[in-house]
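**Student:** pasted the sequence and its predicted model underneath.
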Amino acid sequence: MSVISKKWISYLFILPSLVIFAVFLIWPGIYTVYLSFLDWNLISPTKRFVGLQNYLSLFQDPTLYKILMNTFVYIVILLVINCFMPYLLAFVLEFVIVRGKKLYKKILFLPSIISLVVGSMLYVWILNPVSGPIAIIFKKIGIDLPTWSSTSGLVLVVLSLITSWKVFGYNFIVLLAGVSNIPSGVIEAAKLDNIPLHRIFFQIVLPMSSATGIYVLIMTIVQGLQYIFTPINVVTQGGPNYASSNMIYHAYQQAFVLYKTGQSAALSTLTLLLFTILLFLEFRFVERKVYYAGK
Amino acid sequence: MIRRLKRLGVSFVLLIGILVVLLSGCTSGNQSGSGETHKTVIEYWHVNAQTQGGQAVDELVKDFNAKSKDVKVVAKYNPDMYKGLMQNLQAEKAAGKSPALVQVGWAYLDYFSNNFSYLDPNDAIAKFDPKNKSFLKENFLPNVLHLAQNKKGQVGIPYSLSSPVLYLNKDLLKKAGLNENGPSSWQEVRQFADTIKKKTGNYGLYVQEPADTWAQQALMLSNGAQIITKKGKAVFASKEGIEAYQLYQDMVVKDKSALHLPWDQGVDAFVKGKVGMLYTTIAQMSNVKAGAQFKVSTIPSPPFEGKEAKVPAGGSFLAITAQSEDQQKAAWEFEKYLYSRQSMAKWTEATGYVPPRKDVAQAKDGLKDYIAENPMLKAALDQMDKAVPWTSFPGNSGLQAEQIMIDSRDKILGGSGSVSKTLKDAQQQINQLEK
């Protein structure tokens, strides 16, 4: 087979995914940028061109800064409970614990097969600050639970916890695979030399499994924000007064609750830019230090 | 090898067979089965979850489908109440489609009639049912019909009527040494709640907080405040409006005797016996009754001292959104069935909504026996003369105005900022929105 026809065949193979990618990701992306310059309510036949007005009113709205801050806080919390903690746990399970590994694996992965809507509703019931089981137990020892769903700050933590129900198990399994790829001889040698566990983790395990680690890190940031949409929508609808909203939910609310598609599209475009910058920084400064086994 | 090929062939044939069956199942599903192919299929959109009359919707539709010769109704549940239904209707319209009959919440009267095309029920009757020309006049009170009118005329027919009532946990009131017949004014509600908190350690009151401010508006109205003027200008940040919200904020923030929670969690707390009084729609009656393990009763919505109680009518009206003539005709046939005395009675029994038709409450085949058995409904029936239309903010920014009201509620109950400043800011913001 000649080189040219081989080349065409490879394009042919890539075509199906390219078409899907273009129709469902690239085109809507371009259309969103286009909509961000218009004033439109989703059904009216006329779309009015307003230039940069949507962006201007976006930056004049104090809600934007609140939501940016929330988005950032969500990222930090999610990184701790869905990236750092499963990493640590994967290490402990692989190199520290001796018995019951398989059982732990299953137990820790199990919650991530439950739908997030179901998970959210379960949590709302369990954590009901007045009549939920936890509230009743605490009441017995004289502690009143705070009304978390209407307390700024706290609501972010609880919604992140609900999301971890879904994300934790998956990240854990992926990280475990990464960690278990490290030759056990290296760890054994370190143990023989009486290197403390925290140094083994930070100086051997973390660098040697960094290829998987970086994948989970990015996924936690990007996907976590999308996952957190569900509990926001089910539990608080962004309230109280936008204290639990993030950029993705706010864009949804602007478009499909208030029908301000222009504003929503402007916010979505801004979100896209922000994440592009984040990813760029990540590639620039972190990616180089990643260790790929076998390279 | 040959055997394996054969086996492969057999499983291939089987697979094709399954696919064919599946596909043909789909097509016949669309035509609603053999023998019914000539039936007009219409969609009825409602917001009634299983705890709020969803089962009754299914039963009514099933019964109608069995009786009707030429119409088949498909009921579609829309989550997130009337707002959710409006959103789905938007999306449907954007896709160039529309259901035949929809439930529209009172607060969306203006928004709905401005943005969607509908069939005036008077026109529907004149066109498809000329024998029953005076159907509306004969069966509905004029002030009830008025709830579903705009400047151009009748948009739909009132269907689910509700008003907020005060549910009492009699056991808790008794334990706190309070009058079991409940408070007679909002000032007394505050005292009651405080006593319950101090004597029993439980919360005194929860006022519903869904994605609308219906109950909070009832509070302001019952202190003599006005929400908007006839011309559509927001005026709720008046002395009376601020006073009403102040009492509410004090209970939540200062006394800590009232709860500030999303709706489902708040109602759940009352049903589990952890809250003394619950201010929510009468439509929650069945839900409360089914779950409560204590003596529970209702009293009409209280006024502020020296003022008159006013209750915004909650619930929905039905509007015909079908576009083609045969769909419209079918929609009217189904609507007429829903407004029959028996169907209305069934609807009330399942939901606790007050019937909009005049003759249902007293009629033997209506609700007479039911009301005798369910005195909780009486509180809502007794206050129907105090019913006023639910504020529908005018213009294209109506939904945003409602969102601003919700945000202010969160600010006030969260304890950040004074009531008067928050309400005045909100009022100014709403009046600056483009109409």
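**Tutor:** Great, that's in hand.
**Student:** what lies in contact with the helix or strand hosting B:Lys198?
**Tutor:** Assigned by DSSP states H and E, B:Lys198 belongs to helix B:186-200. Contacts of helix B:186-200 with the rest of the structure, by C-beta atoms under 8 Å, 6 or more residues apart in numbering or on different chains, involve B:166, B:172-173, B:175-178, B:182-183, B:202-205, B:219, B:222-223, B:244, B:247, B:250-251, B:255-258, B:276-277, B:302-305. (Glycine included, C-beta is placed from N, CA and C.)
**Student:** which of these fall in helices?
**Tutor:** Among the contacts of helix B:186-200, DSSP state H puts B:172-173, B:175, B:219, B:244, B:247 in helices.
**Student:** which one of those is nearest B:Trp106?
**Tutor:** Comparing the ones in helices among the contacts of helix B:186-200 against B:Trp106 with C-beta to C-beta picks out B:Leu219 as the nearest, at 17.2 Å.
**Student:** do I have it right that the closest one meets B:Thr213?
**Tutor:** No: B:Leu219 lies out of contact with B:Thr213 (C-beta atoms under 8 Å); the separation is 9.5 Å.
**Student:** and chain A, which of its residues are near chain B?
**Tutor:** Residues of chain A lying close to chain B by C-beta under 8 Å from any C-beta of the partner chain are A:41-44, A:124-125, A:128-131, A:147, A:149-152, A:235-237, A:239-243, A:256-260.
**Student:** could you rerun that using 7 Å?
**Tutor:** Applying C-beta under 7 Å from any C-beta of the partner chain, one finds that chain A approaches chain B through A:41-43, A:124, A:128, A:130-131, A:147, A:149-150, A:152, A:235-237, A:239-241, A:256-259.
**Student:** count the residues that sit near the closest residue to chain A within the stretch 101-250 of chain B.
**Tutor:** Of all residues in the stretch 101-250 of chain B, B:Ala211 sits closest to chain A, at 5.9 Å by C-beta to the nearest C-beta. By the criterion of other C-beta atoms under 10 Å in any protein chain shown, B:Ala211 has 18 neighbours.
**Student:** whichever residue of the stretch 301-435 of chain B sits closest to chain A: which element?
**Tutor:** Going by C-beta to the nearest C-beta, chain A is nearest to B:Asp410 of the stretch 301-435 of chain B, at 3.7 Å. Applying DSSP H and E as the criterion places B:Asp410 in helix B:398-413.
**Student:** residues of the helix or strand just after that helix that come out buried?
**Tutor:** Later in the chain than helix B:398-413, the nearest helix or strand by DSSP H and E is helix B:419-432. Buried positions in helix B:419-432, judged by neighbour count with 16 or more other C-beta atoms under 10 Å in any protein chain shown: B:419, B:422-427, B:430.
**Student:** between these, which is nearest B:Phe317?
**Tutor:** Nearest to B:Phe317 among the buried residues of helix B:419-432, counting by C-beta to C-beta, is B:Ile430 at 24.2 Å.
**Student:** check B:Glu243 and give its pLDDT.
**Tutor:** On the pLDDT scale, B:Glu243 is placed at 93.
**Student:** and if you look at B:Pro262?
**Tutor:** Looking at B:Pro262, the pLDDT reads 89.
**Student:** which residues touch it?
**Tutor:** A:149, A:235-236, B:209 (C-beta atoms under 7 Å, 6 or more residues apart in numbering or on different chains).
**Student:** can you add secondary structure, neighbour count and pLDDT and give these back as CSV?
**Tutor:** Putting those into CSV (DSSP: H, G, I helix; E, B strand; the rest coil; neighbours: other C-beta atoms under 10 Å in any protein chain shown; pLDDT from 0 to 100) gives the following:
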residue, secondary structure, neighbour count, pLDDT
A:Ser149, helix, 23, 83
A:Val235, helix, 24, 88
A:Thr236, helix, 23, 87
B:Glu209, coil, 25, 92
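**Student:** just those now: which is nearest A:Met69?
**Tutor:** A:Thr236 (16.3 Å).
**Student:** quick one: contacts for the closest one?
**Tutor:** A:149, A:155, A:244, B:262.
**Student:** swap in 10 Å and give it another go.
**Tutor:** For A:Thr236, the contact set (C-beta atoms under 10 Å, 6 or more residues apart in numbering or on different chains) comprises A:124, A:148-150, A:155, A:158-159, A:242-245, A:249, B:262, B:410.
**Student:** tell me the predicted confidence for the closest residue to A:Leu78 other than its chain neighbours.
**Tutor:** Among residues not flanking A:Leu78 along the chain, A:Gly224 sits closest, at 4.1 Å (C-beta to C-beta, 6 or more residues apart in numbering or on different chains). pLDDT recorded at A:Gly224 is 79.
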